[in-house]
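Colleague: Here is my input, please return the structure:
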Amino acid sequence: MRTHSLESVEILLTAYLQGTTVAKTPIRVAVTGAAGQIGYSLLFRIASGAMLGEDQPVILQMLEITPALGALKGVAMELEDGAFPLLEEIIQTDDPDVAFGDCGAALLVGAMPRKAGMERSDLLTANGGIFKPQGAALGRSALKDAKILVVGNPANTNSLIALSNAEGLEPGRFTAMTRLDHNRAIAQLSARLHAPVTDIRRMTIWGNHSTTQYPDLFHAEVAGRMAAEMVNDQAWIEGEFIPTVAKRGAAVIEARGFSSAASAANAAIEHIHDWHLGTPEGDWVSMAVPSDGSYGVPEGLMSSFPCVCKDGNYEIVQGLEIDEFSRGRIDASVGELIEERDAVRELGLI
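Modeller: Sure, this is the predicted structure:
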């Protein structure tokens, strides 16, 4: 039976009688690549309460490579100048164990982008050098129930590398971000049907955060009706909708000269927010999580599924019927994930 000290009972009783609430214990939030574009877009929203709740104090633990610590100091100065009521402390470091120390949430943003002429094996090796030691540090230093989101690409496989090296943490503590793809799909459907985004529910991204991903309109709903039936145009779904969502990141780079930052940060905020506080009743979200074998995805593979969240936990939505078209698309994306998994295994990263 749980017991309370006389002092704690007195504090609670006094707060009750005065109509006030006792402040929550701060949650330590680690952000890697914190001085980068996505990190810069993330930190102020975390400090404002947008991610963990408007009454949840936070301690920001920001990790950067040593040459970027000067830029990180400037970010910290701006955070201080924001005078955020929920921001209790700011930690700046180039030591992963310090950044992940007792963290309850970790957003792994920093990664090696693919450069011109770089082979996939080179990209995987470079990111393995980042996410293998970060996974080990998380295993040593993070809370056992930490919520970990990998944002840096290739996100699914980077997350697999990290979890495979995080001794002491359950694989299910690790996720990868497909919420940006999820949001992009909602936006494209909204524009096609001239429907408000608030009318759209149950969007799903299956598979990999790559051009093979499958945004699914056959389970999505618009004002309670199946989205694919409302679109009523398979040629548009195959020829415009899916490629536009899958290649949106490249389109953003071509338009602005930089990769998606604010929209990626927004998606990361929403991913952790819903995991922590729960998904709306009757809706689900897209999360890349370690597969439990659902929908024919090999167990342990980091693949995107429709998920519901409650009480700080997530579950893969079960029982959805998968038609032949969707099956082919899902299998193609999962096949790519299998190839990436096998490649990092050969490289000794998992």
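Colleague: only C-alpha atoms for contact and neighbour calcs from this point on.
Modeller: OK.
Colleague: for the spatially most central residue of the chain, what are its contacts?
Modeller: Centroid-nearest residue in the chain, with C-alpha atoms, centre = their mean: Met177, separated by 3.6 Å. Met177 makes contact with Leu149, Val150, Val151, Ala155, Asn156, His209, Ala267, Ala268, His271, Met287, Ala288 under the criterion C-alpha atoms under 8 Å, 6 or more residues apart in numbering.
Colleague: Buried among the residues you listed? Need that as a selection in ChimeraX.
Modeller: Of these, the buried ones can be selected in ChimeraX as follows, counting by 16 or more other C-alpha atoms under 10 Å:
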select :149,150,151,155,156,209,267,268,271,287,288
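Colleague: can you list the contacts of Met177 in TSV and add pLDDT, secondary structure and distance to Ala111?
Modeller: Formatted as TSV, these follow (pLDDT from 0 to 100; DSSP: H, G, I helix; E, B strand; the rest coil; distance: C-alpha to C-alpha, whole Å):
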residue	pLDDT	secondary structure	distance to Ala111
Leu149	99	strand	13
Val150	98	strand	10
Val151	98	coil	8
Ala155	96	helix	9
Asn156	97	helix	12
His209	96	coil	15
Ala267	98	helix	17
Ala268	98	helix	15
His271	98	helix	19
Met287	99	strand	19
Ala288	98	strand	17
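Colleague: Specify which member of the contacts of Met177 is nearest to Leu108.
Modeller: Nearest to Leu108 among the contacts of Met177, counting by C-alpha to C-alpha, is Val150 at 4.7 Å.
Colleague: so where's this protein uncertain?
Modeller: 1-22 (pLDDT under 70).
Colleague: could you redo the last one with a cut-off of 50?
Modeller: The model of the chain has pLDDT under 50 over residues 1-4.
Colleague: now the helices for it?
Modeller: Ranges of helices in the chain, per DSSP state H, are 6-18, 37-48, 69-81, 96-99, 120-141, 155-164, 179-193, 227-231, 234-236, 242-246, 248-256, 262-277, 324-346.
Colleague: just these: most buried one?
Modeller: Among the helices of the chain, ranked by average contacts under mean count of other C-alpha atoms under 10 Å, first place goes to helix 155-164 (a mean of 28).
Colleague: tell me what that helix is packed against?
Modeller: helix 120-141, strand 147-150, strand 174-176, strand 302-310, helix 324-346 (3 or more C-alpha pairs under 8 Å, 6 or more residues apart in numbering; DSSP states H and E).
Colleague: which residues sit against it?
Modeller: Under the criterion C-alpha under 8 Å, 6+ apart, residues 127-128, 131-136, 149-150, 152, 169-171, 174-177, 208-209, 288, 301-303, 337, 340-341, 344, 349-350 lie in contact with helix 155-164.
Colleague: Any idea how many residues pack against Arg225?
Modeller: The local packing of Arg225 (other C-alpha atoms under 10 Å) involves 14 other residues.
Colleague: Which of the helices and strands packed on helix 155-164 sits closest to Asn183?
Modeller: strand 302-310 (13.2 Å).
Colleague: Against Phe241, how distant is the residue lying closest to Ile38 once chain neighbours are set aside?
Modeller: Spatial nearest neighbour of Ile38, excluding adjacent residues (C-alpha to C-alpha, 6 or more residues apart in numbering): Ala261 at 4.5 Å. Distance from Ala261 to Phe241, counting by C-alpha to C-alpha, to the nearest Å: 22 Å.
Colleague: Also Arg120?
Modeller: 27 Å.
Colleague: what separates the residue nearest to the centre of the chain from Leu86, distance-wise?
Modeller: Plainly put, Met177 is 25 Å away from Leu86 if you go by C-alpha to C-alpha.
Colleague: cool, and Arg341?
Modeller: For Arg341, the distance to Leu86 equals 40 Å [C-alpha to C-alpha].
Colleague: Check Ala162 too.
Modeller: Applying C-alpha to C-alpha to Ala162 and Leu86 gives a distance of 30 Å.
Colleague: likewise Trp236?
Modeller: 46 Å.
Colleague: How about Ala35?
Modeller: 21 Å.
Colleague: out of those two, which sits in the busier spot?
Modeller: Set Ala35 next to Leu86 and count neighbours by other C-alpha under 10 Å: Ala35 wins out with 25 against 18.
Colleague: Give me the spatial nearest neighbour of the more buried one, chain neighbours excluded.
Modeller: Spatial nearest neighbour of Ala35, excluding adjacent residues (C-alpha to C-alpha, 6+ apart): Leu72 at 5.0 Å.
Colleague: these two touch, right, the one you found and Ala34?
Modeller: Yes. Counting by C-alpha atoms under 8 Å, Leu72 does reach Ala34; the two are 6.9 Å apart.
Colleague: Give me the common contacts of the two.
Modeller: Here Leu72 and Ala34 share the contacting residues Glu64, scored by C-alpha under 8 Å, 6+ apart.
Colleague: how much space between Gly278 and Glu270?
Modeller: 10 Å.
Colleague: same check, this time on Ala264
Modeller: 10 Å.
Colleague: so which of the helices and strands packed on helix 155-164 comes closest to Arg192?
Modeller: Of all those, helix 324-346 sits nearest to Arg192, with 20.4 Å by C-alpha to C-alpha.
Colleague: I am finished for the moment; much appreciated.
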